[in-house]
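**Q** Give me a model of this one.
(one chain, ligands or ions: 2)
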Amino acid sequence: MNYASAVRIIRMPCTGRIDPLFILKAFEIGADGIMISGCHPGDCHYTAGNYHARRRFLLFRNLLDFCGIDLRRLRFYWISAAEGAKWVNAVNEMVETIKKLGPFRELHDADGGEILLPQEVSSIAHEISIRSGKSMPDHSSSIQESLHKIGRELLQKEEVSLIIGYGKGSLYGRTTPLMIRRPEEIDRLVFDSFCFNNLATYLIQAKKEGQISGKVAVVAKGCDIKAIVGLIQEGQIQREELIILGIICHGVFSAEGKDNLAEKCLSCQDQIPKLYDHLIGEAREMSGERMDQFLKVKQFEALSQQERWKFWKAHFKRCIRCYACRAVCPLCYCNRCIANKTQPAWVASSSHFRGNFTWNIIRALHLAGRCIGCGECERACPMDIPLDLLNLKLAKEIKELFDYVPGYDWEASPPLTIFREEDEGEFIG
Ligand code: SF4
Ligand code: SF4
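**A** Numbering: from 1, shown residues only. Ligands and ions are numbered 1, 2, ... in the order given. Next up, the predicted model:
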């Protein structure tokens with residue numbers, strides 16, 4: 001077989017073994033184009049590796065497209081060992097395409113990118129802030145009273161050893177996570193419109209640090225409960241270890257604008273928690289208009305590929321790799337994150353555009369089908385990188401492609417652990 005020589009073959013046992021991180025790393029260290037080739041569906045030597053890979057690649061590819069990467073640089077093929085001619089044609093075609101596109105300078109050139117948001121996206125932000133002003137959250141003091149009553153009883157009867165809730169912060173507009181172990185401390189628990197943190201993060205941390213013996217009660221809004229469902233689904237906590245104090249929530253303020261409803265609340269479907277042991281608060285209509293959850297994503301998708309690339313380049317360049325996004329996420333719980341591994345160092349540890357690009361894409365992908373949209377990562381990011389837009393893009397894809405919404409059913413199989421034979425595969429040559 002004769003084919004273009006400008007290729008470097010990397011042999012893998014199965015397409016199922018190809019992590020998107022390998023692809024990002026190859027781009028990062030200089031590949032101008034990447035071709036993935038594997039066995040046809042139904043022919044996997046490991047039974048179903050290629051079916052799993054197809055789901056993963058589909059999401060990965062759609063995310064790269066969302067970020068403005070020219071997808072001609074990344075092609076997928078099913079080519080069996082008996083299809084030599086197809087292999088030759090595919091390689092030659094790929095090499096020709098890459099020669100026409102030229103080196104992948106956009107990724108290696110640290111310049112470029114537009115700090116200013118593209119016009120369409122800023123208009124969405126503007127629209128959101130106007131709408132937010134129309135629907136100010138309002139929580140009655142009876143929530144706090146009920147919390148105190150129920151919490152005190154739980155501790156007095158020793159039904160729980162710990163309550164994780166909110167306490168008053170030292171600054172106006174802030175609350176702080178609070179761990180209560182004694183009934184006489186219960187009056188320190190608060191619940192108001194500044195309780196934007198997702199306490200499920202502290203639940204998993206407390207468990208990991210061995211701070212929990214016996215049952216624990218956690219104060220949780222509907223959106224936070226979805227993270228708890230995810231943790232149960234992934235075997236990180238057991239349902240029977242928990243007492244969920246579910247709050248009927250009328251929205252929380254965004255952390256920055258003390259006058260604005262948090263963006264996630266504008267499309268919230270979980271004002272009344274779907275899972276709880278005690279339901280606290282009063283159900284009533286949320287004021288203001290309910291926004292399409294994916295409006296921002298749809299409008300961003302309408303931008304040109306170059307505009308999308310400029311937008312993300314400008315943002316990813318500013319990432320300082322503080323990992324606040326990871327620390328605050330209730331579903332980022334690995335003891336050792338891939339970004340901290342140094343042998344091999346899949347994600348460069350210093351802050352530079354290429355490494356930041358890999359980090360931000362892989363962070364979002366690791367949360368694909370798991371992220372419950374609590375918005376904490378974006379809130380915690382000191383550089384105001386719009387991480388929510390990446391998360392929402394993947395949530396939209398997961399919903400449309402795999403008909404799955406995370407955070408509601410802990411017995412469901414996460415979408416990237418299963419496959420359907422009829423999954424979309426048109427993108428594979
Ligand atoms: S919180 Fe923001 S700046 Fe920090 S690592 Fe995450 S994306 Fe980068
Ligand atoms: S990725 Fe962000 S929005 Fe999603 S669960 Fe984690 S912190 Fe929440």
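
**Q** number of nearby residues for Met179?
**A** 15 (other CB atoms under 10 Å). No exception for glycine: its C-beta is placed from N, CA and C like everyone else's.

**Q** tell me which element the nearest residue in space to Leu392 that is not next to it in sequence falls in.
**A** Distance criterion CB to CB, 6 or more residues apart in numbering; nearest residue to Leu392, sequence neighbours excluded, is Val297 at 5.0 Å. Element membership of Val297 [criterion: DSSP states H and E] is helix 295-301.

**Q** what do you get for Arg308?
**A** Going by DSSP H and E, Arg308 is part of helix 305-318.

**Q** Can you show me the helices along the stretch 251-400 of the chain?
**A** Counting by DSSP state H, counting those that start in this stretch, the stretch 251-400 of the chain has helices at residues 295-301, 305-318, 324-328, 353-366, 376-380, 387-402.

**Q** could those helices go into TSV alongside mean neighbour count?
**A** Formatted as TSV, these follow (neighbours: other CB atoms under 10 Å):
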stretch	mean neighbour count
helix 295-301	18
helix 305-318	19
helix 324-328	19
helix 353-366	22
helix 376-380	22
helix 387-402	21
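
**Q** Out of these, the one nearest ligand 1 is which?
**A** Closest approach to ligand 1 among these is made by helix 324-328 (3.3 Å; CB to the nearest ligand atom).

**Q** Which residues lie in contact with whatever residue of the stretch 151-300 of the chain ends up closest to ligand 2 in this structure?
**A** Of all residues in the stretch 151-300 of the chain, Ala227 sits closest to ligand 2, at 5.9 Å by CB to the nearest ligand atom. Counting by CB atoms under 8 Å, 6 or more residues apart in numbering, Ala227 touches Asn198, Ala200, Thr201, Pro330, Leu331, Ile372, Cys374, Gly407.

**Q** contacting residues around the residue lying closest to Ala324 once chain neighbours are set aside?
**A** The shortest distance from Ala324 to any non-neighbouring residue, by CB to CB, 6+ apart, is to Ala380 (4.3 Å). With contacts defined as CB under 8 Å, 6+ apart, Ala380 is in contact with Ala324, Cys325, Ala327, Val328.

**Q** ditto for His52
**A** His52 neighbours (CB under 8 Å, 6+ apart): Gly16, Leu416, Phe419.

**Q** name the element it belongs to?
**A** Applying DSSP H and E as the criterion places His52 in helix 49-66.

**Q** buried residues in stretch 44-61?
**A** Across stretch 44-61, burial judged by 16 or more other CB atoms under 10 Å covers 44, 48-61.

**Q** State the next helix or strand along the chain beyond the helix or strand of the chain with the lowest mean pLDDT.
**A** Using mean pLDDT, DSSP states H and E, helix 119-134 stands out as the lowest-scoring helix or strand of the chain, at a mean of 49. Tracing the chain past helix 119-134, the next element assigned as helix or strand by DSSP H and E is helix 141-156.

**Q** just checking, what packs against that following helix?
**A** Under the contact criterion of 3 or more CB pairs under 8 Å, 6 or more residues apart in numbering; DSSP states H and E, helix 141-156 touches strand 162-168, strand 189-190, strand 216-221, strand 242-247, strand 278-280.

**Q** what residues does that helix touch?
**A** Residues contacting helix 141-156 (CB under 8 Å, 6+ apart): 159-160, 163, 165, 180-183, 186-187, 189-192, 217, 219, 243, 245, 247-248, 278, 280-282.

**Q** out of the helices of the stretch 251-400 of the chain, which comes closest to Leu261?
**A** Among the helices of the stretch 251-400 of the chain, helix 376-380 comes nearest to Leu261, with 13.4 Å by CB to CB.

**Q** Counting neighbours, what do you get for Tyr202?
**A** 18.

**Q** How is the residue of the stretch 151-300 of the chain closest to ligand 2 assigned, secondary-structure-wise?
**A** helix (DSSP: H, G, I helix; E, B strand; the rest coil).

**Q** what about it, distance to ligand 1?
**A** As defined by CB to the nearest ligand atom, to the nearest Å, Ala227 lies at a distance of 18 Å from ligand 1.

**Q** Need the pLDDT of that residue.
**A** Here, the pLDDT recorded for Ala227 equals 98.

**Q** repeat for Gln271
**A** pLDDT, Gln271: 89.

**Q** Just list the residues touching it, thanks.
**A** With CB under 8 Å, 6+ apart, Gln271 has these contacts: Gly222, Ile248, Cys249, His250, Gly251, Ala283, Met286.

**Q** Make a PyMOL selection of the buried ones in the residues you listed.
**A** Restricted to buried positions by 16+ other CB under 10 Å, the PyMOL selection for those reads:
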select buried, resi 222+248+249+250+251+286
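
**Q** As JSON lines, the contacts of Gln271 with pLDDT would be great.
**A** Converted to JSON lines, the contacts of Gln271 look like this (pLDDT from 0 to 100):
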{"residue": "Gly222", "pLDDT": "95"}
{"residue": "Ile248", "pLDDT": "94"}
{"residue": "Cys249", "pLDDT": "91"}
{"residue": "His250", "pLDDT": "86"}
{"residue": "Gly251", "pLDDT": "86"}
{"residue": "Ala283", "pLDDT": "79"}
{"residue": "Met286", "pLDDT": "59"}
